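Undergrad: below are the sequence and a predicted model for it; my questions follow.
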2 protein chains.
Amino acid sequence: MRVLVSGGAGYIGSHTVIQLVSAGHDVVIVDDFSNAKPTVVGRLEALSGRSIPVHAFDLADVDKTEHFFAHEDVDAVIHFAGYKAVGESVAKPLDYYQNNLGTTFSLLRAMERHDVHTLVFSSSATVYGADPELPMTEDLPTSATNPYGWTKVMIEQVLRDVAASSDAWRIAALRYFNPVGAHPSGQIGEDPSGIPNNLMPFVAQVAVGRREKLSVFGDDYDTPDGTGVRDYIHVDDLAAGHVAALDRISTGDTGMSTWNLGTGQGVSVLEVVHAFEKASGKPIPYEIAPRRPGDIAASYADPTRANADLNWHATKTIDDMCVDTWRWQSENPTGYPDA
Amino acid sequence: MRVLVSGGAGYIGSHTVIQLVSAGHDVVIVDDFSNAKPTVVGRLEALSGRSIPVHAFDLADVDKTEHFFAHEDVDAVIHFAGYKAVGESVAKPLDYYQNNLGTTFSLLRAMERHDVHTLVFSSSATVYGADPELPMTEDLPTSATNPYGWTKVMIEQVLRDVAASSDAWRIAALRYFNPVGAHPSGQIGEDPSGIPNNLMPFVAQVAVGRREKLSVFGDDYDTPDGTGVRDYIHVDDLAAGHVAALDRISTGDTGMSTWNLGTGQGVSVLEVVHAFEKASGKPIPYEIAPRRPGDIAASYADPTRANADLNWHATKTIDDMCVDTWRWQSENPTGYPDA
């Protein structure tokens, strides 16, 4: 298939591009580079041994999106593009709603018009809301604790209704747990702008000397060591889940499916810190700070449905994730070069 | 205040325009006339004794909306514009999401840019979802049973987050129960295109001879006479609720408030039929038909919060509603003239 990867220059998008090519698909990237650097594309081409066409525009632009679909052959779409910073979404909710939903509306409209009906959407375990049952199964009710999370909840509802409106659609929403790690080559990885919002890139920046120490937000949660527990998943396992989901929906039943992509294992903040110290050989100084509003004690997937339906399993351990993150971070201490 | 009324040529919008003028406000209407006839404007001007400026464009058009706000003084907005047909929303969900949310995003963005932060939004009791507790209070969780309803749920969430992001905003979401009736003059009223989706206009069209008979969808609900029970509210009471909410938010606390606008009284389908026969002196032939998917047995408001906060009460009875509907329908048997 020829697959449009929106946000294909971003963290998860770029790793998925590599695996799509490995699986024999053709890829075309659309990315507005608002939160990704163009230099990632050369690395993707080097790693995949293929020329990868890139179109730099904002999918919220209805005319440009229409023009793209009128001139490019596309069989399926994997839609990663979207704003993703929780704190920023609280400060600028309208930016998040307008961008994340507007982009999706424009994309769906163009897909419909050009008879492209196969879509894999980047959702998140954040849709399980403030106080989910554990482990999280796909049938739990959805809600959110911040505008970023609500954009994921809302887009899933839109997709559910679109899928129900016509037998043509084949849609998957993939609910990611906590993606970390990097490509084993050390050539592509997570490159957050500014202060990282997430634990692993922050720890990696401490290890490489860009940050003095880690703040651990809360050590009095009801978890084995008191720190927050998350289901970390290697970005390459996640990317493989996208390829598996695309294969499944393009050959299976029409309609919409939802799959958790997680390991099913909870790992605490302090366990991540210790695994990273082992992987990097560097000490990770940390201090205990107050809980952050909106954070939950523990989050981990029940990945049974994805395991069964997609014949997919997360295979990499937290040690693998730290080793690969450290290789990326130490070889690219300031992320991707500018040009 | 100078109040922008979006969708001001529509059913509820037009009645609210009259009452805003009566209360001493200036009004400017924005309506794209996709579901309203321009001839309503002449009647509004005759009834109010005032010239009412009208701008005919779609608020989803970001450039036109920006141009409007750049050239017009506006102190507050009452936002009625939106698609509202439940069945159509199931068939064309993307139209509904893109229009209702896109219009709201564009409006909020322009308001923010031009320092207009007072907004009354047209929500609906549909946000109480499939199986609400009765009577419905504003604190119940929200959900929906169709895309139209989800657009209301989602826009409320967007407004809640926007209001939380800055102390400048003063926002009210008004959750309407079942608006019926018409202006006592008989000059303005509900003018649905095609087959009416709602009971009262259908009954009125039967009485006036445009339809042969009414279908009553279900007579085996767990209600006193087996037919569905709703909280019908006269559109003039509803319009008065908008004026009261606008006064309250423009002088009270900042943030977002939610108020039910209903009578608190449940009335069955057969009670409406009999009240309309009495008001019109016409028989309303009906047949019992199967329940419609998504319909609930009973819906009625707890209007306590609006009664207390807004010093507002619904005053008109179901007999008043039928008398006024009949006057409008019999004097305008085919609705507003075309031009």
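TA: Sure, I can see it.
Undergrad: so the worst-scoring helix or strand of chain A on mean pLDDT, near chain B or not?
TA: Every helix and strand in chain A was compared by mean pLDDT, DSSP states H and E; the lowest is helix A:86-91, with a mean of 94. Yes. Taking Cβ under 8 Å from any Cβ of the partner chain as the criterion, helix A:86-91 and chain B are in contact, through A:90, A:91. (Glycine included, C-beta is placed from N, CA and C.)
Undergrad: distance between that helix and the chain's centre?
TA: In terms of Cα atoms, centre = their mean, to the nearest Å, the gap separating the centre of helix A:86-91 from the centre of its chain is 17 Å.
Undergrad: what is the lengthiest helix in chain A packed up against?
TA: In chain A, with assignment by DSSP state H, the single longest helix is helix A:93-113. Here helix A:93-113 touches helix A:62-71, strand A:76-79, helix A:86-91, strand A:118-124, helix A:147-165, helix B:93-113, helix B:147-165, going by 3 or more Cβ pairs under 8 Å, 6 or more residues apart in numbering or on different chains; DSSP states H and E.
Undergrad: which bits of chain A sit near chain B?
TA: Contact residues (Cβ under 8 Å from any Cβ) of chain A with chain B: A:90-94, A:97-98, A:101-102, A:105, A:108-109, A:112, A:147, A:150, A:154, A:157-158, A:161-162, A:164-165.
Undergrad: buried residues, the longest helix of chain A. List them.
TA: A:93-112 (16 or more other Cβ atoms under 10 Å in any protein chain shown).
Undergrad: now swap in stretch A:306-326 and tell me
TA: By 16+ other Cβ under 10 Å, the buried positions in stretch A:306-326 come out as A:306, A:309-310, A:312, A:314, A:316, A:318, A:320-326.
Undergrad: endpoints of it, how far apart?
TA: 29 Å (Cα to Cα, to the nearest Å).
Undergrad: and what of stretch A:177-185?
TA: One end of stretch A:177-185 sits 23 Å from the other (Cα to Cα).
Undergrad: how about stretch A:221-235?
TA: End-to-end distance for stretch A:221-235, by Cα to Cα: 27 Å.
Undergrad: stretch A:189-205 now?
TA: Start-to-end span of stretch A:189-205 (Cα to Cα) is 13 Å.
Undergrad: just the buried positions in that stretch, please.
TA: A:189-192, A:196, A:198-205.
Undergrad: report the distance from that stretch to the chain centre.
TA: That offset, for stretch A:189-205, works out to 14 Å (Cα atoms, centre = their mean).
Undergrad: how about stretch A:165-184?
TA: Per Cα atoms, centre = their mean, the centroid offset for stretch A:165-184 relative to its chain is 8 Å.
Undergrad: per-residue confidence averaged over that stretch?
TA: Average pLDDT, stretch A:165-184: 98.
Undergrad: buried residues in it?
TA: A:165, A:169-183.
Undergrad: among these, which are located in strands?
TA: A:170, A:171, A:172, A:173, A:174, A:175, A:176, A:178, A:179, A:180 (DSSP state E).
Undergrad: which one of the residues you listed is nearest to chain B?
TA: Comparing these against chain B with Cβ to the nearest Cβ picks out residue A:171 as the nearest, at 12.3 Å.
Undergrad: residues contacting the closest one?
TA: A:118, A:119, A:120, A:121, A:159, A:162, A:163, A:249, A:255, A:256, A:257 (Cβ atoms under 8 Å, 6 or more residues apart in numbering or on different chains).
Undergrad: ok, 10 Å please
TA: Residue A:171 sits next to A:77, A:79, A:108, A:117-121, A:156, A:159-160, A:162-163, A:249, A:254-258 when contact means Cβ atoms under 10 Å, 6 or more residues apart in numbering or on different chains.
Undergrad: next: residue A:232.
TA: Listed by Cβ under 10 Å, 6+ apart, the contact partners of residue A:232 are A:177-181, A:199-200, A:262-263, A:265-267, A:271-272, A:275, A:300, A:314, A:316-318, A:321-322.
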